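Trainee: Predicted coordinates and the sequence they were generated for:
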Amino acid sequence: MPGSAVWGTRAGSEMEPTSGTALTGRDRLAEDVRRGLGRRQKQLQPRYLYDALGSQLFEAICELPEYRITRAERRLLAAHAAGIGGGLVSPVTLVELGGGNGEKLALLIEPLARTLPDLRVALVDVSATALDLATRTLGRFPGLEVTGHQTTYEDGLGRVVLGRSGDDTMLVAFLGSNIGNLDPSAARTFLGTLRSALRAGDRLVLGADLVKPEAELVLAYDDPLGVTAAFNKNLLGRLNRELGADFNLERFAHRAVWNATASRVEMHLESLCAQTVSIPGADCVVRFVKGESVWTESSYKYVPEQVLAFGRAAGFGPAEQWIDRDAGFVVTRFVVT
């Protein structure tokens, strides 16, 4: 069931990046909505899925039996946390990019906190709700210094790098298969940017979901309880709340499809009828024909060798991998040399 056939997108086509301007907050949202919904294949950036309600719904998704990513990654981190952080010497700054509720990060911190007297944590996420949850989770470690940055990955990492001391080592955690939300070209670019911000001795731990049977993949993004559907449709609700749009959520249906050509699961919101939507806050009116979709998220799936190749292309040094073959998930640790 390739996405190109169902949704009218070209095989291998990618989501357009967000606006490169210096807009922030509501203005940035309005600009990205205006640009995205003006494209031939309408699209909205996945970062906007994570308002307060969206973040709560995503936490619920992570506990669904169909969504095995979170549990597989937790198992790998619990089993190999000591190896991931082994040999690090204080001071150490642990940076998590887009980590959610902090539970997986806590698995990495537990062995580090026992051996490192000077350990600090920096959290980077676009969701204020996620930052609050993670900060509260990490409160179980007395005396641990935790700083939150509500911003993009690149900006947040830049802030942390600017503030680092001359002798500290940085361990960057990019978990939850967040790398899968970037198309392969963007993933390589992002990892290259990340590598350029690090120095010898720093480390990156990267979680990635793997290719598996189509039925299993689609079910993970279209669960029988409809939690993922509510998560996806909440994006339209957010535009109603923040930009004064008049989306009728009952006139849209959540769809998840496997695009085998591009090796990605796509999430779409399909218009169930011909309709016109006004978005005053973005100064636009959007027309839909029946069956037309808004592309809201992609999740690329890889094989372990591709993850290693991404790291090598970005300039990272030695790597070690741990694989959960039952759930199809890999955690890779790269070292900067």
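Mentor: Everything's here; your move. Numbers count the residues shown, from 1 in each chain.
Trainee: Could you use CA atoms for every contact and neighbour count after this?
Mentor: OK.
Trainee: what distance separates the helix or strand harbouring V95 from the middle of the whole chain?
Mentor: Assigned by DSSP states H and E, V95 belongs to strand 92-97. Centroid separation for strand 92-97 versus its chain: 16 Å, with Cα atoms, centre = their mean, to the nearest Å.
Trainee: and what of stretch 303-322?
Mentor: When distances are taken as Cα atoms, centre = their mean, stretch 303-322 is centred 19 Å away from the chain's centroid.
Trainee: got it, and stretch 194-213?
Mentor: How far stretch 194-213 lies from its chain's middle: 13 Å, per Cα atoms, centre = their mean.
Trainee: Can you list the buried residues in it?
Mentor: Across stretch 194-213, burial judged by 16 or more other Cα atoms under 10 Å covers 194-195, 198, 202-211.
Trainee: who's in contact with it?
Mentor: Contact partners of stretch 194-213, identified using Cα atoms under 8 Å, 6 or more residues apart in numbering, comprise 69, 73, 84, 154, 158, 161, 169-180, 263, 300-304, 307, 314-316, 328-337.
Trainee: follow-up on the earlier one: starting from the strand holding V95, tell me which strands it pairs with and how they run.
Mentor: The pairing partners recorded for strand 92-97 under DSSP bridges are strand 119-125 (parallel), strand 169-174 (parallel).
Trainee: Go through the buried residues of stretch 194-213 and flag which are in strands.
Mentor: R203, L204, V205, L206, G207, A208, D209 (DSSP state E).
Trainee: Now tabulate the strands paired with strand 92-97 in TSV and tack on mean pLDDT, mean neighbour count and distance to E270.
Mentor: Listed next are the strands paired with strand 92-97 as TSV, based on pLDDT from 0 to 100; neighbours: other Cα atoms under 10 Å; distance: least, Cα to Cα, whole Å:
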stretch	mean pLDDT	mean neighbour count	distance to E270
strand 119-125	95	23	28
strand 169-174	97	23	31
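Trainee: out of the ones you listed, which comes closest to E292?
Mentor: strand 119-125 (31.2 Å; Cα to Cα).
Trainee: Next SSE downstream of that closest one?
Mentor: Using DSSP H and E, the next helix or strand after strand 119-125 towards the C-terminus is helix 128-137.
Trainee: helices and strands around that following helix, which ones?
Mentor: Judged by 3 or more Cα pairs under 8 Å, 6 or more residues apart in numbering; DSSP states H and E, helix 128-137 is in contact with helix 52-62, helix 103-115, strand 119-125, strand 145-150.
Trainee: still on that earlier bit, reformat the strands paired with strand 92-97 as JSON lines; add distance to S271.
Mentor: Listed next are the strands paired with strand 92-97 as JSON lines, based on distance: least, Cα to Cα, whole Å:
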{"stretch": "strand 119-125", "distance to S271": "30"}
{"stretch": "strand 169-174", "distance to S271": "34"}
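Trainee: closest to A230 out of these?
Mentor: Of those, nearest to A230 by Cα to Cα is strand 119-125, at 21.4 Å.
Trainee: now the strands: where do they sit in this structure?
Mentor: 92-97, 119-125, 145-150, 169-174, 203-209, 252-259, 264-271, 275-279, 284-288, 293-300, 319-324, 329-335.
Trainee: Neighbours of V285, how many?
Mentor: Per other Cα atoms under 10 Å, the neighbour tally for V285 reads 14.
Trainee: Many thanks, we can stop here.
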